[in-house]
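>>> any chance you could fold what I've pasted below:
(3 chains)
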Amino acid sequence: MKRFLKLLLISSLIVSMCCFTGCAYEFFDLNLEADYTNNLSGTVLNVYNWGEYISDGTEGSMDVNKEFERITGIKVNYSTFESNETMYSQLRTAGVSYDLIIPSDYMIDRMIKEDMLLPIDVSKISNYKNIEDRYKNQYFDPENKYSVPYNVGMVGIIYNTAMIDEAPDSWGVFWDKKYKDNTLMFSNPRDAFMTAQFYGGMSVNSTNRADWDKAADLLKDQKKYLQSYVMDEVYGKMETGEAAIAPYYAGDYLTMYEVNDDLAFVYPKEGTNIFVDSICIPSCCQNFEAAMLYINFLLEPDIALANAEYIGYASPNSKVINNPDYYYYGNEILYPSDEDMPITEYYHDLDDDIRFYYENLWIDVKLH
Amino acid sequence: MKILSKLYMALVVLFLYAPIAVMVFFSFNSGSSVWVFEGFSLAWYGELVFNSEMLDALQHTLLIAVISATASTVLGTAAAVGITSLRSKLAKSAIMSVTNIPMMNADIVTGVSLMLLFIFFGKMLGLSESLGFFTVLIAHITFNLPYVILSVLPKLRQTDPALAQAAMDLGCTPVSAFFKVVLPSISSGIFTGFIMAFTLSLDDFVISYFTCGHYQTLPIVIYNMTKRTVTPDTYALSTLIFIVVFALMLLYNVTLSRSEKKRGMSR
Amino acid sequence: MNKKSLGQRLLRAPYILWSALFIIVPLFIMGYYALTDAAGNFSFSNFSDLSRYKNAFLISLLYAFISTVITLIIAYPLAYFMTKCKPGTQRMMMILTMLPMWTNFLIRTYSWITILSNTGIINTLLGKIGLGPLHLINRPGTVILGMVYDFLPYMVLPIFNVMSKIDVSLTEAAEDLGANRFRVLRKVILPLSMPGVVSGITMVFVPSVSTFYISQKLGGNKTMLIGDVIEYLFNLGPDYYNVASAISLVLMAIILVSLFIMNRFSDDEGGGVVL
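So this is what the prediction gives:
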């Protein structure tokens, strides 16, 4: 017994030795365009971002936060959320405070209305010039006062060509009993309702309760064919062939395709959601200057390129899009030409009445 | 019968350990999935050092567990001594009922009610951030306390109050009587309470989930990870923890049976 | 003497203050939220709106009931067989039952996905011998399996604790008087082990009825147990705190009532035995 214990101890020691002698993260050789001298060294910047939404040093990629810490001396405290709603509620409760967040369009719309964002003077962000003009002056922030675009994307249908015979072209596949137990659906109510709304020919921004009722009925009907409701778990399930069809964001499809090249992607003919995720500074911000530096840093061509390649979403940064060495340079899914561009609709912020209505309808769908 | 019962026990153990076996197995995966095994590799154990999110969380978890277990042991032992000396039956049962609440109640209700309290106070004090290190710590101490009290109380009941009285008659101050006479006789209860508090704190997910804010403990980080994709490094860390605990338990078992044997011989 | 009682009052004072502040006050704050609307006005509407969540309550109670019964059926024989083992084996079995609790339950639950999924271990093995695939994951039964698995140790340990303390002379006496093994089990061991059974049931039922993770992972997120509803609503932000507080209070009431009923079933001793 004693010998056995010794063996255990030694083996765990060896394992931990392996850990600590392993090679450390190697910093990249960066060509930075902006000046990052500051007197904020040692302060903390609380960044709140989507999961899997920054290059984090895994598999040889750049660790953007580490690079920022090295260059500026500011410590990045990074946390993630999985939906706009979670992020919003975290900020609303004042339970936690953040210095920089990356919400989507409609949420920015709401947060501006509710006075939850601080104005950003883009003239102080030297790399702002790298943002393509067509991503500026969006409906939710017409004067570019509160937000700086980070990523853009559209939702489509991912399917496994080894598991189904005909390529889908419509949201209707999620109501097709042929694919029973093989389809996934968004577990985030707004996106799930979106699929039903396009399928049923409604607007995703309808202010008519009857429309939402109709969409909820469609979702209840759809439920019996579904394998499960997912968000980022979709990766594992699609990559391994656990499920055959799933709606998800185009950029994530490209990441999955790297693992399983049986996967294909289509924008449904009924139309789909387009979104912009932008960098904002919430009003609870404690370290404004550091947040401004961070924004500038994210817009650096080198950094934006590393992020665009790691995340796989379409970049609004012209230095990335026009860089022939960019891994997704000219990719048709991320950057469709004008004639291949699907019908799209942005989410708008819905008034409280409709919002409460559909957030409760979602419970009905789940309990159906 | 004997064989059947052995078989039954083996089957239940198999059931209990099947997922843990899967965890250990996939921690050695050379691929980045915990679903498809590609080949044997120790690479993920090496990757652990780079996962600063998880290492930070581990550190947070250990810190909270040590402080909350210590604080609740001190506070709880004092409370148990104070409660035993209560003469009013009503007061005693009132305190015990309150003590039972966090233990009987669903974790989610405890967690949510504490969160509401912290946010309420945070707003009153005008804090920009009401959840964090101190709120998880308070929450952990709160749910640890009843376990400490309930493991110390029975030991106190077994202690003859005349002992402390005798010590004082012989010239001890109440304080030194407590430390010299009472404390040694309840030390095993205090130890059990501490270990239990430490374990509960390490493992707690639900209450931390509602009260931790930025201060993410390991279960919280793991939870967030299962919402994205779990990579084998999570399994690697859990495997290491499992091995350490297993070794400690074995060691405890061995020393216990040794001392038992010795006692048996001296008899 | 006076000095001594002052000292003891000082000993319990911090705890009384602590439990008032962090056990009683939070429940009152929750009650306050439950009885007001989002604007802070007194209102019963949160409770009248609860009918929407009726199914969540019913499903949670049903699942928790089924999984408690199954856990009991698995745990009772196990504890009984354990008491029949040599002391060393007994302790080993105790350790083996407790050890899984030290591994994070989220990971243990997550591992079941690898075992049960369509492309998982069981279906791969079945495929090798030309069977299947069986559709095992994302079903109500999988959620119950998860509950049974996660909470089984909580049932085994209290039953074993009580059973192992039953005086051997009692069972020997019964055997001497001609009772066979099953009669001894039924007439002697079963009644004497009831306190353990009661605390086991309590310790399995309460976490089962309020869990919010197992159904999301093993049930494919396709239904909402009451814990899931509470989590969903609190995550939607302060606008939902009122109704979510009302649901939490009702859940607490259900649990307290169930515990009360359980304790009525057992001897008065049973209520005190937790762990």
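
>>> mind listing what's buried in the host helix or strand of B:Ala236?
For B:Ala236, the element it lies in under DSSP states H and E is helix B:232-266. By 16 or more other CB atoms under 10 Å in any protein chain shown, the buried positions in helix B:232-266 come out as B:232-243, B:245-246, B:249-250, B:253. C-beta here means a position set from N, CA and C on the backbone, and glycine is covered the same way.

>>> from the residues you listed, which are also near chain C?
Filtering those for neighbours of chain C using CB under 8 Å from any CB of the partner chain leaves B:Thr234, B:Tyr235, B:Ser238, B:Ile241, B:Phe242, B:Val245, B:Phe246, B:Met249, B:Leu250, B:Asn253.

>>> which of those residues come close to chain A?
Subset of those in contact with chain A: B:Phe246, B:Leu250, counting by CB under 8 Å from any CB.

>>> ok, back up a step: quick one: the helix holding B:Ala236 to chain centroid distance?
Once both centres are worked out by CA atoms, centre = their mean, to the nearest Å, helix B:232-266 turns out to sit 17 Å from its chain's centre.

>>> for stretch C:27-46, same thing?
Here stretch C:27-46 is found 29 Å from its chain centre; the criterion is CA atoms, centre = their mean.

>>> what does stretch A:316-324 give?
19 Å.

>>> so what's the single nearest residue of the stretch 51-200 of chain A relative to chain C closest to, chain neighbours aside?
Proximity of the stretch 51-200 of chain A to chain C (CB to the nearest CB) peaks at A:Ser89, 3.1 Å away. Take A:Ser89 and drop its neighbours on the chain: the residue closest to it by CB to CB, 6 or more residues apart in numbering or on different chains is C:Gly237, 3.1 Å away.

>>> what values do phi and psi take at the one you found?
Main-chain torsions, C:Gly237, degrees, to the nearest 10: phi 110, psi 180.

>>> surely C:Asp98 and C:Tyr154 touch.
You called it Asp, but residue C:98 is Met. No. At 10.3 Å, C:Met98 and C:Tyr154 do not qualify as touching, with contact defined as CB atoms under 8 Å.

>>> the more surrounded of the two?
C:Tyr154 (24 against 15; other CB atoms under 10 Å in any protein chain shown).

>>> residues in contact with the more buried one?
If you count contacts by CB atoms under 8 Å, 6 or more residues apart in numbering or on different chains, C:Tyr154 has them with C:Gly200, C:Met203, C:Val204, C:Pro207.

>>> if I look at whichever residue of the stretch 1-150 of chain B sits closest to chain C, how far off is chain A?
At 2.6 Å from chain C, B:Gly82 is the closest residue in the stretch 1-150 of chain B, using CB to the nearest CB. B:Gly82 sits 34 Å away from chain A, taking CB to the nearest CB, to the nearest Å as the criterion.

>>> so which residues of the stretch 151-275 of chain C form helices?
Using DSSP state H, counting those that start in this stretch, the helices found in the stretch 151-275 of chain C span residues C:168-176, C:181-184, C:190-210, C:214-218, C:226-235, C:241-265.

>>> can you say which of those is nearest to A:Leu218?
helix C:226-235 (20.6 Å; CB to CB).

>>> helices or strands next to the closest one in the packing?
helix A:84-92, helix A:352-367, helix B:107-125, helix C:54-83, helix C:190-210, helix C:214-218, helix C:241-265 (3 or more CB pairs under 8 Å, 6 or more residues apart in numbering or on different chains; DSSP states H and E).

>>> of the ones you listed, flag the one that's most buried.
A comparison of the helices and strands packed on helix C:226-235 by mean neighbour count, using mean count of other CB atoms under 10 Å in any protein chain shown, puts helix C:214-218 on top with a mean of 26.

>>> hmm, it in reach of chain B?
Yes. Helix C:214-218 lies within reach of chain B by CB under 8 Å from any CB, at C:Lys217.

>>> near chain B, which residues of the stretch 101-250 of chain A?
Contacts of the stretch 101-250 of chain A with chain B, taken as CB under 8 Å from any CB, map to A:Met231, A:Asp232, A:Glu233, A:Tyr235, A:Gly236, A:Glu239, A:Thr240, A:Glu242.

>>> make TSV out of those and add distance to A:Ile321.
Converted to TSV, these look like this (distance: CB to CB, whole Å):
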residue	distance to A:Ile321
A:Met231	27
A:Asp232	25
A:Glu233	30
A:Tyr235	25
A:Gly236	30
A:Glu239	27
A:Thr240	32
A:Glu242	34
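
>>> can you add secondary structure and neighbour count and give those back as CSV?
Output for these, formatted as CSV (DSSP: H, G, I helix; E, B strand; the rest coil; neighbours: other CB atoms under 10 Å in any protein chain shown):
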residue, secondary structure, neighbour count
A:Met231, coil, 19
A:Asp232, coil, 20
A:Glu233, coil, 25
A:Tyr235, helix, 20
A:Gly236, helix, 24
A:Glu239, helix, 22
A:Thr240, coil, 18
A:Glu242, coil, 22
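
>>> restrict those to those near chain C?
The overlap between those and the neighbours of chain C (CB under 8 Å from any CB) comes to A:Thr240, A:Glu242.

>>> which one of the contacts of C:Tyr154 is nearest chain B?
For the contacts of C:Tyr154, the nearest to chain B is C:Pro207 (6.9 Å; CB to the nearest CB).

>>> B:Phe40 contacts B:Phe25, correct?
No. The criterion here is CB under 8 Å, and B:Phe40 misses it with B:Phe25 at 9.7 Å.

>>> ok, those two, which is more surrounded?
Comparing B:Phe40 with B:Phe25 by other CB under 10 Å, the one with more neighbours is B:Phe25, at 18 against 10.

>>> interface residues of the stretch 151-267 of chain B facing chain A?
Contacts of the stretch 151-267 of chain B with chain A, taken as CB under 8 Å from any CB, map to B:213-214, B:216, B:224, B:226-230, B:240, B:243-244, B:246-247, B:250-251, B:254.

>>> rerun that using 7 Å as the cut-off
By CB under 7 Å from any CB of the partner chain, the residues of the stretch 151-267 of chain B that approach chain A are B:213-214, B:224, B:227-229, B:240, B:243-244, B:247, B:250-251, B:254.

>>> mind putting those in JSON lines, distance to B:Leu183 and pLDDT included?
Converted to JSON lines, those look like this (distance: CB to CB, whole Å; pLDDT from 0 to 100):
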{"residue": "B:Gly213", "distance to B:Leu183": "37", "pLDDT": "86"}
{"residue": "B:His214", "distance to B:Leu183": "39", "pLDDT": "82"}
{"residue": "B:Asn224", "distance to B:Leu183": "43", "pLDDT": "87"}
{"residue": "B:Lys227", "distance to B:Leu183": "47", "pLDDT": "84"}
{"residue": "B:Arg228", "distance to B:Leu183": "49", "pLDDT": "78"}
{"residue": "B:Thr229", "distance to B:Leu183": "51", "pLDDT": "80"}
{"residue": "B:Leu240", "distance to B:Leu183": "36", "pLDDT": "94"}
{"residue": "B:Ile243", "distance to B:Leu183": "35", "pLDDT": "93"}
{"residue": "B:Val244", "distance to B:Leu183": "30", "pLDDT": "92"}
{"residue": "B:Ala247", "distance to B:Leu183": "30", "pLDDT": "91"}
{"residue": "B:Leu250", "distance to B:Leu183": "30", "pLDDT": "86"}
{"residue": "B:Leu251", "distance to B:Leu183": "26", "pLDDT": "88"}
{"residue": "B:Val254", "distance to B:Leu183": "28", "pLDDT": "83"}
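
>>> distance to A:Ile101 added to the helices and strands packed on helix C:226-235, as TSV?
Shown next, in TSV, are those (distance: least, CB to CB, whole Å):
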stretch	distance to A:Ile101
helix A:84-92	6
helix A:352-367	19
helix B:107-125	19
helix C:54-83	31
helix C:190-210	31
helix C:214-218	25
helix C:241-265	22
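
>>> between those, which gets nearest to A:Cys280?
Judged by CB to CB, the one of those that comes nearest to A:Cys280 is helix A:84-92, at 10.4 Å.
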